[in-house]
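S.K.: need a 3D model of the following:
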Amino acid sequence: MKPMKKPTPVISRAATGVLLALALVTQGTLSLAGNFPAIGSLLAKKTPEAALAEMGRRLFFDVRVSGDGAISCATCHDPGQGFTRQVDKNGKPMALSDAYPGTRHFRNTPTLINVIYKADFAQTGWGWDGHMGANLNDVVRDQITETMMMNMDMRLMHERMKQDPVYVEMCRQNFNGECSSGKARKALDAFMQTLVSKDTPFDNGNLSGEAQLGQILFEGKAGCIACHNGSYFSDGEPHNTGVPENLDVFRDPLRHIAYRAVITNHGVPKADIWRRDVGYFLVSKNYRDVGSFITPTLRETVHTAPYMHNGMLQTLEEVVKFYTAGGGHDDPLAYELRPLDLNGGEQAQLVAFLRSLSSPVAPTAEKVAIPLEYEPIDDWLEVKN
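M.R.: Just a heads-up that it's a prediction; the model follows:
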């Protein structure tokens with residue numbers, strides 16, 4: 001939740017403060033919903049072809065989509081963990097993501113649930129720092145070819161698919177032609193479009209009394225709707241809320257090297273001296289954006305802990321407490337938030353409302369077993385791929 005938004009021509013920070021001060025008019029809160037897109041149920045999107053989505057599901061679990069065949073998309077976006085990574089193989093909590101063998105990532109794995117709705121934010125782009133554009137197919141290509149992610153050459157991916165008779169048949173069925181990396185991306189895109197929230201109490205109009213009170217706070221006194229608005233519960237914009245730095249990024253040489261490489265490749269000045277995550281500055285090169293990150297969705301948060309771009313908050317209660325205190329106070333650029341006058345009961349009501357945005361059972365996908373050994377091809381020099 002982000003209680004206040006950067007100044008805009010619609011309503012200034014000062015005007016917002018006046019409105020909140022006058023909130024005790026009738027019901028004790030003043031709804032700010034009229035100034036921001038109303039929250040509501042997700043609008044249905046066109047359903048992808050089932051056969052194409054099934055091809056994408058197979059690719060999602062296939063380690064051959066990575067350069068050395070060691071990891072798959074599901075390695076970091078585990079369907080059993082809300083399409084994030086909450087714990088490692090030993091059950092230890094993970095604040096920061098894994099990455100390609102030999103390196104480690106410096107950010108928390110974002111969920112893939114409801115990613116189809118991120119396409120509505122064409123002006124900002126994907127990722128915590130918004131650097132990857134708004135087209136899901138482009139994002140898939142970026143993540144597959146990125147060195148610290150999947151490290152795959154698309155030409156190699158093309159050839160691997162052509163050697164697998166299952167993919168050969170899937171490509172014939174879906175595209176009436178031979179396999180290619182472009183067709184693989186379309187299939188992965190189709191699969192991810194199927195990962196949509198279902199049966200949330202909020203969408204079903206089945207809020208508890210406590211959650212109903214939490215929604216009133218969300219849209220009024222707490223001001224969460226300023227940034228978490230619309231049916232996706234995100235404005236798709238960068239904000240700095242003063243989240244503390246996760247110093248493991250700089251203590252772990254592999255994470256630090258990965259971070260240094262990324263900001264260097266994106267032209268961040270003096271990449272060797274930064275000891276904080278620059279966030280949206282990576283895109284804008286405007287120093288006031290240092291430490292700003294794209295507003296995440298609040299949907300399915302019950303199933304997608306830990307929270308924030310660096311996994312520094314572990315529970316929804318911690319998140320609400322963080323914003324009640326006015327966010328972090330160590331960053332002079334984190335000027336958007338102010339402390340909230342929320343007592344313990346009101347904080348619990350907000351948490352109840354946040355929980356109502358999650359499905360009873362998180363959307364998931366059954367793992368596909370993929371044999372990685374093949375029979376030798378007779379007369380292979382003469383057989384076409």
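S.K.: which residues touch the residue positioned nearest the centre of the chain?
M.R.: Nearest to the mean C-alpha position of the chain, by C-alpha atoms, centre = their mean, lies P110 at 3.2 Å. By C-beta atoms under 8 Å, 6 or more residues apart in numbering, the contact list for P110 reads 84, 127-128, 296. Where you see a C-beta, it was placed from the backbone N, CA and C, and this is true even at glycine.
S.K.: format these as JSON lines; extra columns: distance to F191.
M.R.: Listed next are the contacts of P110 as JSON lines, based on distance: C-beta to C-beta, whole Å:
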{"residue": "T84", "distance to F191": "17"}
{"residue": "G127", "distance to F191": "19"}
{"residue": "W128", "distance to F191": "22"}
{"residue": "P296", "distance to F191": "21"}
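S.K.: ok, so of these, who is nearest E382?
M.R.: Distance to E382 across these (C-beta to C-beta) is lowest for G127, with 45.9 Å.
S.K.: now the residue nearest to K118 when sequence neighbours are not counted: how far from A44?
M.R.: Distances taken as C-beta to C-beta, 6 or more residues apart in numbering place W126 nearest to K118, at 6.2 Å, with adjacent residues excluded. Per C-beta to C-beta, to the nearest Å, W126 is found 22 Å from A44.
S.K.: go on, R255?
M.R.: 40 Å.
S.K.: more crowded one of those two?
M.R.: Ranked by neighbour count (other C-beta atoms under 10 Å), R255 and A44 place R255 first, with 22 against 7.
S.K.: next secondary structure after the host helix or strand of the more buried one?
M.R.: Per DSSP states H and E: R255 is located in helix 253-265. Toward the C-terminal end, the helix or strand that comes next after helix 253-265 (DSSP H and E) is helix 281-284.
S.K.: which residues touch that next one?
M.R.: 125, 129-131, 238, 262-263, 266, 268, 287, 289-292.
S.K.: now compare the contacts of P110 and name the two farthest from each other.
M.R.: Maximum pairwise distance among those (C-beta to C-beta): 14.1 Å, between T84 and G127.
S.K.: neighbour-wise, which of those two wins?
M.R.: Under the criterion of other C-beta under 10 Å, the comparison of T84 against G127 puts T84 first, with 24 against 21.
S.K.: ok, now which ones touch the nearest residue to the more buried one once chain neighbours are set aside?
M.R.: Closest residue to T84 apart from its sequence neighbours, by C-beta to C-beta, 6+ apart: T109 at 4.5 Å. For T109, the contact set (C-beta under 8 Å, 6+ apart) comprises 76-77, 84-85, 94, 97.
S.K.: out of the residues you listed, list just those in helices.
M.R.: Using DSSP state H, the members of those that fall in helices are C76.
S.K.: return the member of the contacts of T109 nearest to H303.
M.R.: The nearest member of the contacts of T109 to H303, counting by C-beta to C-beta, is T84 at 8.2 Å.
S.K.: run through the bridge partners of the closest one.
M.R.: Beta-bridge partners recorded for T84 (DSSP bridges): D78.
S.K.: give me the buried entries from the contacts of helix 281-284.
M.R.: When those are checked for burial by 16 or more other C-beta atoms under 10 Å, the buried set is 125, 129-131, 238, 262-263, 268, 289-292.
S.K.: what about these, which are in strands?
M.R.: P238 (DSSP state E).
S.K.: would you reformat the buried ones among the contacts of helix 281-284 as CSV and include distance to G209 and pLDDT?
M.R.: Formatted as CSV, those follow (distance: C-beta to C-beta, whole Å; pLDDT from 0 to 100):
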residue, distance to G209, pLDDT
G125, 39, 73
D129, 39, 93
G130, 38, 89
H131, 42, 87
P238, 35, 95
V262, 46, 95
I263, 48, 96
V268, 49, 97
D289, 41, 96
V290, 42, 97
G291, 38, 97
S292, 36, 97
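S.K.: got the buried ones among the contacts of helix 281-284 as CSV, with distance to S356 columns?
M.R.: Shown next, in CSV, are the buried ones among the contacts of helix 281-284 (distance: C-beta to C-beta, whole Å):
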residue, distance to S356
G125, 29
D129, 29
G130, 28
H131, 32
P238, 27
V262, 36
I263, 38
V268, 39
D289, 32
V290, 34
G291, 30
S292, 28
